[in-house]
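**Student:** Following is a predicted model, sequence given first.
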There are 2 protein chains.
Amino acid sequence: MIEAIGQNAQDAARELAAASSRAKSNVLLAMADSVDARRSEILAANSKDLEAGRAEGISDALMDRLLLDEARMDGIVAGLRKVADLPDPVGVQTGGWRMYNGIRVSRTRVPLGVVAVIYEARPNVTADAGGLCIKAGNAAILRGSSYAFASNSEIGEAMRTALAAEGFSQDGVQIFPDTTREGARALMQAKGYVDLLVPRGGPGLIAAIEELATVPFVIDGAGNCHVYVDAEADLEKAADITMNAKTRRPGVCNAAESLVVHAAVADKFLPGIAARLSEAGVELRGDERARELVGSMGAATEEDWGTEYHDLIMSVRIVDSIDAAIEHVRTYGTGHTEAIVTDDISAADQFVQGMDCAVTMVNASTAFTDGEEFGFGAEIGISTQKLHVRGPMGLEALTTERYVLYGDGQVR
Amino acid sequence: MIEAIGQNAQDAARELAAASSRAKSNVLLAMADSVDARRSEILAANSKDLEAGRAEGISDALMDRLLLDEARMDGIVAGLRKVADLPDPVGVQTGGWRMYNGIRVSRTRVPLGVVAVIYEARPNVTADAGGLCIKAGNAAILRGSSYAFASNSEIGEAMRTALAAEGFSQDGVQIFPDTTREGARALMQAKGYVDLLVPRGGPGLIAAIEELATVPFVIDGAGNCHVYVDAEADLEKAADITMNAKTRRPGVCNAAESLVVHAAVADKFLPGIAARLSEAGVELRGDERARELVGSMGAATEEDWGTEYHDLIMSVRIVDSIDAAIEHVRTYGTGHTEAIVTDDISAADQFVQGMDCAVTMVNASTAFTDGEEFGFGAEIGISTQKLHVRGPMGLEALTTERYVLYGDGQVR
């Protein structure tokens, strides 16, 4: 099965790689119309998914992610239209020069080929990820959760109909039919068929990919993000940034999990922010010194420092120096986003130079690590690896480059 | 052992990542001097390696690769000096803008951290690869062949002495002591210690890495490169390019392995080039039509089309159209370098657009796929993968990027 799906995707990818920017925009717009026209079928399929999920007793949070309603359908349709309007990354010349012998060298962005996405029970990802792949000239193989299979299949059909209507192979988008673990594994090992695998899921999925994948992948990994409040911090800004980073959306990867406070400002800063966080429902787990300042705080264990809670929980540590803060963050951070709040330019510089992560924030919330906020228009994920792409991944992350050399008979 | 080596490398990498461009240049120059000063020790160690190799009966080709003499030592020293003078890729800002809310975004090139290189019995790679890693601000773990261990150790010591003399940890360069397969495997799986693994070796090494590696790697893969002689080719240029691509250095990856000729020019082109190639010692293996034109030609099997000979052998195929040529190349090519010879602009364009490889040559020899020729000053390898970097890899391939966002208290 994987061979047939993979070959169909490769064939479709070759066609899409040659498509003009306008033709791809038109496909995206047709997809938006097609999803819009198929609303009632998609919502009916979603009801089936929800019903089956309810029968299986899945959690409220999962049910919410799975749910489609008119507003979310509007969002999906608007999202596809927005991607249609993004600048095409393909064909952009990223370098060029003449060699000593007159050969002209050019380096140009080209599509990757076939992009596979493995994701959780959020049917909107089907349209978002599929749309981005097509816009960048790739074919997409989309393997969502079994819980969302009916919804995904309907959305996929709408997208395939649009591809066909615009004169492309409908296999530019394929909903991978096997939603079992074996299915995911087959996709991870579809060497020669899959040019990039993007996992959007939890640590279990990431670990499976790191162990099993033989196709190239980009890890959209954990975000154990820190906010460090320096001795020279503006404490009002520090409080606002901490609140925003922790409570805006605690379930996303750019949320802060840990608050590191310089001892020089701990007694002024910590009681106030602890009260605000508690009021917002955040459970705090601190080291001994933090607990001396805030009696209601629970005790943090070694495990807490390394945990991405994805929840209204935050660990709190007091440090005696910026060096100690940097060491703490480097030891427990996951290379995603780290923030310092300070008015001291040399502290800011020292922190920035000391980090080894995708994004470092100086006096800004960790929540800004996001493709939309970065101005990429859309996001396929956030890379926590160092190769290929680091940080928010937009359309460029779905391309590669190639060289073309024009000569006149030159030999070496 | 791998833990200690890995941790030492990580510590050294952190120091090197913070080093100025001048400090790194000075290290490279000191390394050149140090290798130069240690010539007699290095040549003595090399004699031991050669003696042991002779006793084990290794091939003449391998003995030649292993050999160091005064001229090659000059080359190593000059190579380090040249790398010292290359522009520093680190610190270059590769992007920057202001967000809607005033946050300033900058994207900057930074070192990867620890780069491990696994390579064959060529002691010069120790200096070349080690020097490039240091220049890009990385620590290097160098695991060469057991046959070259004494030579590599002496060269490594010279480099380590230079690092220490310039005030850096000598663990910026480490010669990996375990030259067994288990040693290579430990390095491939040193997750958390190795940020990039670069294999420089044959298909066996590549296959092992694809199967076993858990650290990030860039494949420097096979080059089954083609020269396609179009119906509209200038046949004199076609002959020169074919000769150069095949015979200049048949053992390297940018050498052509296969000649594809349009039927319209086959009878004019093939007998002449076959004679020239044969005269240069090249064995030809052709399809039936080619053999009708050149009686002395052997028969190519299906296996021949997919073989990178690394030798004075070339497969020959006659096709009836450029489409057939493109299909042949896409089916059997390895994504390295493909060349077309033609005076027809639309044929050139069709061929270029039809390729899916790192470098496409129009009227130039495949031999130009090379970091030095590209102007990169030096080369750590040639990537045949699509992620991170494609084609010749210079210093930039040994870096990653990171974002720093400067705000004034912004929250989302």
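**Tutor:** Now that the structure is in, tell me what you want to look at.

**Student:** From chain B, how far out is the closest residue to A:A127 other than its chain neighbours?
**Tutor:** Closest residue to A:A127 apart from its sequence neighbours, by C-beta to C-beta, 6 or more residues apart in numbering or on different chains: A:I76 at 4.7 Å. In this view, the C-beta of every residue, glycine as well, is placed from N, C-alpha and C. The gap separating A:I76 from chain B is 23 Å, by C-beta to the nearest C-beta, to the nearest Å.

**Student:** Equivalent analysis for A:A12, please.
**Tutor:** From A:A12 to chain B the distance is 14 Å (C-beta to the nearest C-beta).

**Student:** so is that residue in a helix, a strand, or just coil?
**Tutor:** Under DSSP: H, G, I helix; E, B strand; the rest coil, A:A12 falls in the helix class.

**Student:** What's the local residue count around it?
**Tutor:** 23 (other C-beta atoms under 10 Å in any protein chain shown).

**Student:** pretty sure it contacts A:S169?
**Tutor:** Yes: using C-beta atoms under 8 Å, A:A12 makes contact with A:S169 at a distance of 4.2 Å.

**Student:** can you count the residues close to A:D287?
**Tutor:** For A:D287, the count of nearby residues is 17 (other C-beta under 10 Å).

**Student:** same thing with A:L16?
**Tutor:** Neighbours of A:L16 using other C-beta under 10 Å come to 27.

**Student:** Can you tell me the element it falls in?
**Tutor:** helix A:2-17 (DSSP states H and E).

**Student:** Equivalent analysis for A:A71, please.
**Tutor:** Assigned by DSSP H and E, A:A71 falls in helix A:70-85.

**Student:** Domain ranges for chain A, per the record?
**Tutor:** For chain A, the structural domains run A:2-219+A:385-406, A:225-372, going by automatic domain parsing.

**Student:** Tell me which residues touch A:T366, please.
**Tutor:** Contact partners of A:T366, counting by C-beta atoms under 8 Å, 6 or more residues apart in numbering or on different chains, are A:223, A:225, A:227, A:245, A:254-256, A:337-339.

**Student:** Mind checking which of those residues are buried?
**Tutor:** Buried members of the contacts of A:T366, counted by 16 or more other C-beta atoms under 10 Å in any protein chain shown: A:223, A:225, A:227, A:245, A:254-256, A:337-339.

**Student:** Phi first, then psi, for A:A256.
**Tutor:** phi -80, psi 140 (degrees, to the nearest 10).

**Student:** Distance of it relative to chain B?
**Tutor:** 12 Å.

**Student:** in the sheet, who's paired with that residue?
**Tutor:** A:C225 (DSSP bridges).

**Student:** ok, back up a step: now do the very next helix or strand once past the helix holding A:A71: everything it contacts.
**Tutor:** Sequence-wise, the next helix or strand downstream of helix A:70-85 (DSSP H and E) is strand A:93-98. By C-beta under 8 Å, 6+ apart, the residues outside strand A:93-98 that reach it are A:104-109, A:401, B:375.

**Student:** Can you pick out the most distant pair from those residues?
**Tutor:** Pairwise distances across these (C-beta to C-beta) peak at 20.1 Å, for the pair A:R109 and B:G375.

**Student:** between the two, which one's more packed in?
**Tutor:** A side-by-side neighbour count of A:R109 and B:G375, using other C-beta under 10 Å, places A:R109 first with 20 against 13.

**Student:** Give the buried residues for the host helix or strand of that one.
**Tutor:** Using DSSP H and E, the element containing A:R109 is strand A:104-111. Buried residues in strand A:104-111, counted by 16+ other C-beta under 10 Å: A:105, A:107-111.

**Student:** What residues sit buried inside stretch A:263-277?
**Tutor:** Neighbour-count burial for stretch A:263-277 [16+ other C-beta under 10 Å]: A:265-266, A:269-270, A:273-274, A:277.

**Student:** From those residues, which land in helices?
**Tutor:** A:265-266, A:269-270, A:273-274, A:277 (DSSP state H).

**Student:** in the stretch 301-412 of chain A, which spans are strands?
**Tutor:** Using DSSP state E, counting those that start in this stretch, the strands of the stretch 301-412 of chain A run over A:313-319, A:337-341, A:359-364, A:381-383, A:391-393, A:399-410.

**Student:** out of those, deepest packed?
**Tutor:** strand A:337-341 (a mean of 32; mean count of other C-beta atoms under 10 Å in any protein chain shown).

**Student:** Pairing partners for it, with directions?
**Tutor:** strand A:225-229 (parallel), strand A:359-364 (parallel).

**Student:** what's the next helix or strand after the shortest one in contact with?
**Tutor:** Moving toward the C-terminus from strand A:225-229, the next helix or strand (DSSP H and E) is helix A:235-247. Counting by C-beta under 8 Å, 6+ apart, the neighbours of helix A:235-247 from elsewhere in the structure are A:225, A:227, A:229, A:254-256, A:259, A:265, A:268-269, A:272-273, A:276-277, A:280-282, A:312, A:314, A:339, A:341, A:363-367, B:408-409, B:411-412.

**Student:** Least confident secondary structure element in chain A?
**Tutor:** Across the helices and strands of chain A, mean pLDDT, DSSP states H and E gives its lowest value to helix A:203-212, namely a mean of 89.

**Student:** other SSEs contacting it?
**Tutor:** helix A:181-188, strand A:196-200 (3 or more C-beta pairs under 8 Å, 6 or more residues apart in numbering or on different chains; DSSP states H and E).

**Student:** Is it possible to get TSV of the strands paired with strand A:337-341 that adds mean pLDDT?
**Tutor:** TSV is the format used below for the strands paired with strand A:337-341 (pLDDT from 0 to 100):
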stretch	mean pLDDT
strand A:225-229	98
strand A:359-364	98
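
**Student:** I'd like those written out as JSON lines, with distance to B:D356 added.
**Tutor:** What follows is the strands paired with strand A:337-341, written out as JSON lines (distance: least, C-beta to C-beta, whole Å):
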{"stretch": "strand A:225-229", "distance to B:D356": "38"}
{"stretch": "strand A:359-364", "distance to B:D356": "33"}
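
**Student:** Those strands: which one's closest to A:A148?
**Tutor:** If we rank the strands paired with strand A:337-341 by C-beta to C-beta, the stretch that ends up nearest is strand A:225-229, at 27.9 Å.
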